[in-house]
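In: let me see the structure of the following:
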Amino acid sequence: MTHTEQCKEVGGRNNYAIKWFSHLSASLIKSIVKGENLNAENIHDNFPMESQADVKGERLKKIYRHDHP
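Out: Model prediction:
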């Protein structure tokens with residue numbers, strides 16, 4: 001859900017892809033500094049856009065878990 005919103009915010013899929021790849025090296029460095037294995041999951045999870053999506057996901061879970069235990 002958040003990635004779709006992020007795509008719209010940057011002006012479409014092409015711009016989103018450009019932004020995604022521009023963050024790749026920072027994500028790799030973050031994985032290395034954290035001592036993680038350099039696998040797709042860890043690299044993906046260290047993207048700034050992913051942390052934004054995680055924050056929103058946690059917020060939505062709290063809202064909907066409260067309404068529907």
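In: got the contact list for the most centrally placed residue in the chain?
Out: A centroid search over the chain (CA atoms, centre = their mean) returns Glu50, at 0.8 Å, as the residue closest to the centre. Applying CB atoms under 8 Å, 6 or more residues apart in numbering, we find Glu50 in contact with His44. In short, each C-beta sits where N, CA and C put it, glycine included.
In: model confidence at it, what's the number?
Out: Reading off the confidence values, Glu50 has pLDDT 89.
In: same deal with Lys56?
Out: For Lys56, the pLDDT comes out at 89.
In: for the one 4 residues further on, same thing?
Out: With respect to pLDDT, Leu60 scores 86.
In: distance from the helix or strand hosting it to the middle of the chain?
Out: In the assignment (DSSP states H and E), Leu60 maps to helix 48-67. The chain centroid and the centroid of helix 48-67 are separated by 12 Å, computed with CA atoms, centre = their mean, to the nearest Å.
In: gap between the residue nearest to the centre of the chain and Leu60?
Out: 15 Å (CB to CB, to the nearest Å).
In: centre of the chain to the one helix or strand Asn14 maps to, how far?
Out: Using DSSP H and E, Asn14 sits in helix 13-22. Computed by CA atoms, centre = their mean, the separation of helix 13-22 from the middle of its chain amounts to 13 Å.
In: same thing with stretch 18-28?
Out: 11 Å.
In: buried stuff in it?
Out: Neighbour-count burial for stretch 18-28 flags 19-20, 27 (criterion: 16 or more other CB atoms under 10 Å).
In: assign a three-state SS to Gly35, would you?
Out: When classified by DSSP: H, G, I helix; E, B strand; the rest coil, Gly35 comes out as coil.
In: angles on the backbone of it, please.
Out: Main-chain torsions, Gly35, degrees, to the nearest 10: phi 70, psi 20.
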